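Peer 1: Structural data only, the sequence is not supplied:
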């Protein structure tokens, strides 16, 4: 038998074996619409208390201003050459306003670099990802395979490739204990997630921050509601509410101008821009041809892992 023929057979077997290992990307799932994705995004925003805010350093990083009082200049020591460089850090967020638009509420501590950059003129982006509270009971198998198995020389039932390992029904804490027990001798072991993060929805909101009128008056109606909501989401934040004796802080909202959505794997999830009028349209009441996500809609839907017993490769319609 010719060498080229043998090589062709081996490659063909490898392709077949790989196809058996990977989930079915046959396109049998209906891709959600951008509006359906916007509904999921609003639920994520309501249920997720943290996000990553990105800003850029001003051209002159040694002179930044107070986000609440632009006339006040703050001096700090920073490395040279930061002008225009991106800066990203975790920040607390909450869904605290009554207008149902979903613009995130943020407690801005003016000494923070994020908010100094904003005061100097930077726009912001907010990255939010969904983290399931329960691990899946079925997920793609991640065991190590020999080269022969990828050549099709090993056999395995197709449905077993989607079953999780024996620890599938463990809770998150037990799962991690098991991982550590198995890897005691591996000092360079990277922590393993009990779910596929790449198959979970996440999005980036792009816009700017603006003060919330009367938001800092904690004795007033607006300020007291904001403080109550924010502390309910972040109990430790009570120590740096507006008017505290440690750091100057102010309630601000992120006004969203653009939304980029990644719902998961592209054979079963929408990936792309979501029209702003579908989820953050302030003039929705004046435009009969526009729809805006309502509280009733996002409270009705469910996200992967909200319920126990979910399967990792499920389509949104299966939840």
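Peer 2: Structure received. Source: prediction; values computed, not measured. Numbering: from 1, shown residues only.
Peer 1: Spell out, range by range, the helices that occur in the stretch 151-300 of the chain.
Peer 2: If DSSP state H, counting those that start in this stretch is used as the criterion, the helices of the stretch 151-300 of the chain fall at 172-182, 221-233, 295-300.
Peer 1: contacts for the second one?
Peer 2: Which is helix 221-233. If you take C-beta atoms under 8 Å, 6 or more residues apart in numbering as the criterion, helix 221-233 is touched by 49, 92, 94-98, 105, 107, 212-218, 237-238, 241-242, 251. (Each C-beta comes from the backbone N, C-alpha and C, glycine too.)
Peer 1: Those, buried ones only, as a PyMOL selection?
Peer 2: In PyMOL syntax, the buried subset of the contacts of helix 221-233 is picked out as below (16 or more other C-beta atoms under 10 Å):
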select buried, resi 92+94+95+96+97+105+107+212+215+216+217+218+237+241+242+251
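Peer 1: Inside strands: which ones of the contacts of helix 221-233?
Peer 2: Here DSSP state E is the test, and those give 92, 105, 107, 251 as lying in strands.
Peer 1: dump the residue contacts of the last one.
Peer 2: Neighbour list for residue 251: 105-108, 211-212, 215-216, 223, 226-227, 230, 242 [criterion: C-beta under 8 Å, 6+ apart].
Peer 1: Then the first one?
Peer 2: If you count contacts by C-beta under 8 Å, 6+ apart, residue 92 has them with 49-50, 106-107, 230, 233-234, 237.
Peer 1: Give me the pLDDT value at it.
Peer 2: We note a pLDDT of 98 for residue 92 in this prediction.
Peer 1: List the residues that contact residue 33.
Peer 2: So residue 33 contacts residue 270 (C-beta under 8 Å, 6+ apart).
Peer 1: And it, how close does it get to residue 293?
Peer 2: 12 Å (C-beta to C-beta, to the nearest Å).
Peer 1: Do a quick rundown of the strands in this protein.
Peer 2: Counting by DSSP E, the chain has strands at residues 50-56, 63-65, 73-75, 86-92, 105-109, 124-129, 202-211, 249-262, 271-274.
Peer 1: Out of those strands, indicate the one that is most buried.
Peer 2: strand 105-109 (a mean of 22; mean count of other C-beta atoms under 10 Å).
Peer 1: Of all the strands of the chain, which one comes closest to residue 38?
Peer 2: strand 271-274 (5.0 Å; C-beta to C-beta).
Peer 1: What's the mean pLDDT across the closest one?
Peer 2: Mean predicted lDDT for strand 271-274 stands at 96.
Peer 1: I'd like to know which elements that strand is packed against.
Peer 2: Here strand 271-274 touches helix 34-47, strand 249-262, going by 3 or more C-beta pairs under 8 Å, 6 or more residues apart in numbering; DSSP states H and E.
Peer 1: I'd like to know which elements the first one is packed against.
Peer 2: The elements that helix 34-47 packs onto, with contact taken as 3+ C-beta pairs under 8 Å, 6+ apart, are strand 249-262, strand 271-274, helix 295-300.
Peer 1: Strand partners (parallel or antiparallel) of the shortest one?
Peer 2: Taking DSSP bridges as the criterion, strand 271-274 sits next to strand 249-262 (antiparallel) in its sheet.
Peer 1: could you check the angle strand 105-109 makes with the strand it pairs with?
Peer 2: 130 degrees (axes from the mean of the first three to the mean of the last three C-alpha atoms, to 10 degrees).
Peer 1: circling back to that earlier point, the helices of the stretch 151-300 of the chain: lowest mean pLDDT?
Peer 2: Lowest mean pLDDT of the helices of the stretch 151-300 of the chain: helix 172-182, a mean of 46.
Peer 1: if we can go back for a sec, can you put the contacts of residue 251 in TSV and add distance to residue 133?
Peer 2: TSV is the format used below for those (distance: C-beta to C-beta, whole Å):
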residue	distance to residue 133
105	22
106	24
107	24
108	28
211	33
212	30
215	30
216	33
223	31
226	26
227	26
230	21
242	31
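Peer 1: Just the closest of those residues to residue 277, please.
Peer 2: Each of the contacts of residue 251 was scored against residue 277 by C-beta to C-beta, and residue 105 proved nearest at 21.5 Å.
Peer 1: hey, what's that closest one bridged with?
Peer 2: residue 94, residue 253.
Peer 1: Touching, it and residue 253? I think so.
Peer 2: Yes. Between residue 105 and residue 253 there is a contact at 5.9 Å, judged by C-beta atoms under 8 Å.
Peer 1: list residues touching both of these two?
Peer 2: Common neighbours of residue 105 and residue 253, using C-beta under 8 Å, 6+ apart, are 97, 212.
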